[in-house]
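J.: Build the 3D model from these lines:
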Amino acid sequence: MKWLIYILLTLGLLMILGTTTAQELNQDEIRDLRYTREEQKMALDLYQEFYMLYEHHVFDQIASSEEKNMEKVRNLLDVYGLVDPITGIRKLSGKFNNPTIQQHYDRFYALGIQSRTDALKVGAQVEEQDISHLQVQLSRTDNPLLQRTYEQLLQDSQKHLQAFVRNLEMEGQDYQATILSEERLKELLEDNIWEGYARRHP
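T.: Residues are numbered from 1 along each chain as shown. Next comes the predicted model:
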């Protein structure tokens, strides 16, 4: 039911904005949207694999969130008439059409299967990477639909990052930034997500 409501809201906003064709997205926006769809699959596949391996609840919970985020991106692909980049591989864990994402997955998976602690660190690194990419993608579009979706994904990635780091701290592990700056990581970990969202959307 929730995904149907999201589709209806998306279509309603699209009609209001008067954007009805894929041609109204530029090549950067199309490439970013397709990349985001496959990148979300990468996170989902990793967390599902790690949950099966370690049975840690955080992987199961965040995998469910990633699955919902994947559908948000798929809805936009449908709205703009774009081919889904994971057609044919949706149910194939660890398989990707984008070679860069395949390389990321292989590296993250190899690290994460070494231990549960390593898998938690991989989770934090994946969310760091998502946040970094989403920030760039937001800077490259003025399309309100894309902005809205990327902001939602960014907010969720911040929550996921906080969850992974919190679980690492429970294991007595400190987490150091690997993609973002230490200052940006500290800001994201200390930020109250809902208050931060309210400040950005008064």
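J.: Check Y54 and give its pLDDT.
T.: With respect to pLDDT, Y54 scores 98.
J.: List the contacts of it.
T.: R116, A119 (C-beta atoms under 8 Å, 6 or more residues apart in numbering). Just so you know, the C-beta spots here come from the backbone N, C-alpha and C atoms, and that holds for glycine as well.
J.: That one and E71: what is the separation?
T.: Distance of Y54 to E71, given as C-beta to C-beta, to the nearest Å: 26 Å.
J.: again with D156
T.: 13 Å.
J.: what pLDDT does the closest residue in space to L25 that isn't next to it in sequence get?
T.: Nearest non-adjacent residue to L25, counting by C-beta to C-beta, 6 or more residues apart in numbering: Y80, 5.8 Å away. Residue-level confidence at Y80 comes out at 95, pLDDT.
J.: Y80: neighbouring residues, count only.
T.: For Y80, the count of nearby residues is 21 (other C-beta atoms under 10 Å).
J.: And it, its phi and psi?
T.: The phi and psi torsions at Y80 (degrees, to the nearest 10) take the values phi -100, psi 10.
J.: Using PDB, write down the CA coordinates of whichever helix or strand A110 is part of.
T.: When elements are assigned from DSSP states H and E, A110 belongs to helix 99-112. Provided in PDB are the C-alpha atoms of helix 99-112 (Å, rounded to 0.1, in the frame of the first residue of the first chain):
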ATOM      1  CA  PRO A  99      31.100  -2.500 -13.800                       C
ATOM      2  CA  THR A 100      32.000   0.100 -11.200                       C
ATOM      3  CA  ILE A 101      29.300  -1.000  -8.900                       C
ATOM      4  CA  GLN A 102      30.300  -4.600  -9.400                       C
ATOM      5  CA  GLN A 103      33.800  -3.800  -8.300                       C
ATOM      6  CA  HIS A 104      32.500  -2.000  -5.200                       C
ATOM      7  CA  TYR A 105      30.400  -4.900  -4.300                       C
ATOM      8  CA  ASP A 106      33.200  -7.500  -4.700                       C
ATOM      9  CA  ARG A 107      35.500  -5.400  -2.600                       C
ATOM     10  CA  PHE A 108      33.000  -4.700   0.100                       C
ATOM     11  CA  TYR A 109      31.800  -8.400   0.200                       C
ATOM     12  CA  ALA A 110      35.400  -9.600   0.500                       C
ATOM     13  CA  LEU A 111      36.000  -7.300   3.500                       C
ATOM     14  CA  GLY A 112      32.600  -8.100   5.200                       C
END
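J.: And it, what's buried?
T.: Buried positions in helix 99-112, judged by neighbour count with 16 or more other C-beta atoms under 10 Å: I101, H104, Y105, F108, Y109, G112.
J.: Kindly report the same for stretch 68-83.
T.: Within stretch 68-83, the residues that qualify as buried by neighbour count (16+ other C-beta under 10 Å) are N69, M70, K72, V73, R74, N75, L76, L77, V79, Y80, L82.
J.: Please flag which of those residues sit within helices.
T.: Of these, the ones assigned to helices by DSSP state H are N69, M70, K72, V73, R74, N75, L76, L77, V79.
J.: Could you verify my assumption that the fourth one touches E39?
T.: The one in question is V73. No. V73 is beyond contact range of E39, at 9.1 Å (criterion: C-beta atoms under 8 Å).
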